[in-house]
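Asks: Mind looking at a prediction? Sequence and model below.
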Amino acid sequence: MIHGAGDIRIETVPDATIKDATDALVKVTSACICGSDLWPYKSMEASEHGNRIGHEFIGLVEAVGGEVTKIKIGDLVVAPFGYSDGTCEFCHEGLQTSCVHGGWWATGDVDGGQGEAVRVPWADGTLVPLPVGEDDALMPSLLTLSDVMGTGHHAALVARVAPGKRVAVVGDGAVGLCGVIAAKRLGAEQIIILGRHPQRTSLAQEFGATDVVAERGDEAVERVRELTDGSGVHSVLECVGLGESIETAIKIARPGGAVGRVGVPQDAAIPGSRQAFRSNVSVGGGPAPVRAYIEELMPDVLEGRIEPGRVFDRTIALDAVPDGYRAMNDREAIKVLIDF
Ligand SMILES: [Zn+2]
């Protein structure tokens, strides 16, 4: 539970149970803390009752409602960071984050993902069974399919990454690092990571980044231009969401290029939009429909072609979650895995 900025507590909540015939009850086996969980951790006003929190988890199906046909008791499943019915027009178009019956974990009466059990609405549309056991060594990488790997992939698709393209990734958090993996996987020739934490940027290089830019603002823009024969990159993955990072992303795109935004924007307006217009730079993005990407990315994880689970640099038990938030917020840890 989160009760306010810096105030994460472990509490006993009512047991998750099946409420609707389309629900599944999932006993969580692993979960994690997300960079986006840090926004309320930094800024939430103190609340008397607190809110559930967490939206990335893998678990075992313990029960299903009468209308659930695809998901079975005993399945090990990964959940995307939102639930969706799998049947509406947006789900059919692969945009499950706009599902007409969809929603988000830890809102209303829906359980959070950082807990021992979760009632999963629309189980058949939401959950994806995993073809491995819960102790499989690939579990950290499979867990990234719930959010950060799919989100990095979405940024790369929106930014139109393709073979031979020059790419820049703004942000060296777990999503940015997965964006590097996604860009490499889609055939990018040059991948520039913008970040200033050596441990993170060196992991980015292991994932396929060809250049590191530690500068910020106009100096970063200058440096990217130098690295790209003066013209900028075709594709920018914006994985932060702050005004300065969005403006930098637009400024380092070459004319006709594209910016894929997946960092949750912290401001209402898009800075740099005049420059984007002048240079015909497309700016798009939003919450990644990771449910659409799980089946596509999973074979690459299972066959070891990508290792996004390397973004986890700390594993903790449930009672250490408050300290896990602190460690991520202090940038002591890139991403924290919770092992139940
Ligand atoms: Zn839907």
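Replies: Here it is on my side, so go on.
Asks: Contacts only, for the residue lying closest to E67 once chain neighbours are set aside.
Replies: Nearest non-adjacent residue to E67, counting by CB to CB, 6 or more residues apart in numbering: A21, 3.9 Å away. Where you see a C-beta, it was placed from the backbone N, CA and C, and this is true even at glycine. Applying CB atoms under 8 Å, 6 or more residues apart in numbering to A21 gives the contacts G65, G66, E67, V68.
Asks: and the last one, what is it in contact with?
Replies: Under the criterion of CB under 8 Å, 6+ apart, the contact partners of V68 comprise A21, T22, D23, A24, A123, D124.
Asks: how about a cut-off of 7 Å?
Replies: Applying CB atoms under 7 Å, 6 or more residues apart in numbering, we find V68 in contact with T22, A24, A123, D124.
Asks: Next, it: phi, psi?
Replies: For V68, the backbone dihedrals (degrees, to the nearest 10) come out as phi -80, psi 120.
Asks: pLDDT at it, what is it?
Replies: pLDDT recorded at V68 is 98.
Asks: need the helices for the stretch 51-200 of the chain, in chain order.
Replies: 89-92, 123-126, 139-143, 148-158, 174-185, 198-207 (DSSP state H, counting those that start in this stretch).
Asks: With mean neighbour count and distance to R305 as added columns, please give those in a markdown table.
Replies: Shown next, in a markdown table, are the helices of the stretch 51-200 of the chain (neighbours: other CB atoms under 10 Å; distance: least, CB to CB, whole Å):
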| stretch | mean neighbour count | distance to R305 |
| --- | --- | --- |
| helix 89-92 | 15 | 27 |
| helix 123-126 | 24 | 26 |
| helix 139-143 | 24 | 11 |
| helix 148-158 | 29 | 12 |
| helix 174-185 | 30 | 8 |
| helix 198-207 | 18 | 12 |
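Asks: residue ranges of the strands in the stretch 1-150 of the chain, please?
Replies: 2-4, 7-8, 24-32, 57-64, 76-79, 82-83, 103-104, 117-120, 128-129 (DSSP state E, counting those that start in this stretch).
Asks: what's the closest of these to the ion?
Replies: Closest approach to the ion among the strands of the stretch 1-150 of the chain (CB to the ion): strand 82-83, 9.4 Å.
Asks: and which of the contacts of V68 is nearest Y325?
Replies: Using CB to CB, A24 comes nearest to Y325 of those, at 27.7 Å.
Asks: give the contact list for the closest residue to that closest one other than its chain neighbours.
Replies: Distances taken as CB to CB, 6+ apart put A123 closest to A24, at 3.4 Å, once the chain neighbours are dropped. Residues near A123 by CB under 7 Å, 6+ apart: T22, D23, A24, V64, V68, I71.
Asks: and the nearest residue to S30 once chain neighbours are set aside, how many residues sit next to it?
Replies: Counting by CB to CB, 6+ apart, S30 lies nearest to I58, which is 5.0 Å off, once chain neighbours are set aside. Close neighbours of I58, defined as other CB atoms under 10 Å, add up to 26.
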